[in-house]
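Engineer: test case, fold it:
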Amino acid sequence: MELTPAQFARIEDCLPRQRGNVSLDNLQVLNAILFVAENGCKWRALPKRFGNWHTIYTRMNRWAKAGVLDRVFERMQAEQLVRVRLEAVSLDSTIVKVHPDGTGARKKTARRPSAAPAEAGPPKFIWLPRIPAAR
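Structural biologist: Numbering: from 1, shown residues only. Below you'll find the model as predicted:
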């Protein structure tokens, strides 16, 4: 799923004009974004023929925040250049096991004896050893 220069010319006005000394033109960046979207790979796994993955990711992130990618994909759909199929993946949280400490249960706290026994009050019990009577 790559755009040819002729196809790119039909949507080029949706992209910002490049200024200064840039190493990658907009066609290369757009083809790299389409590659990642099609194959679902990580940015670091992007083939070297597209260029530096970090440069492509940074430009894509900037375009996404500015709404440029929305306009580009809408135009590509309208021009029928690329068919983009959206899929949603859902993860049911009931299948994820949580450690008992993470469930929000009340924590058991150890009782610490008071530094001043008089403040603690009388003892709650008295332990008396019993000696069994001889028969």
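Engineer: for Glu74, see how far away the nearest residue to Arg71 once chain neighbours are set aside is.
Structural biologist: Of all residues not flanking Arg71 in the chain, Cys14 sits nearest, at 4.6 Å (Cβ to Cβ, 6 or more residues apart in numbering). For glycine as for every other residue, the C-beta is placed from the backbone atoms N, C-alpha and C. Note on Cys14: its distance to Glu74, by Cβ to Cβ, to the nearest Å, is 8 Å.
Engineer: please apply the same query to Ala133.
Structural biologist: 96 Å.
Engineer: about what we covered before: looking only at neighbour counts, state which of Cys14 and Glu74 leads.
Structural biologist: More neighbours surround Cys14 than the other of Cys14 and Glu74, with 18 against 12 (other Cβ atoms under 10 Å).
Engineer: so which residues of the protein form helices?
Structural biologist: Along the chain, counting by DSSP state H, helices occupy 5-11, 26-39, 53-66, 68-78, 117-120.
Engineer: mind listing what's buried in the fourth one?
Structural biologist: Residues of helix 68-78 classed as buried by neighbour count (16 or more other Cβ atoms under 10 Å): 68-69, 72-73, 75-76.
Engineer: for those, work out which two are farthest apart.
Structural biologist: Using Cβ to Cβ, the buried residues of helix 68-78 span at most 12.4 Å, a distance reached by Val68 and Met76.
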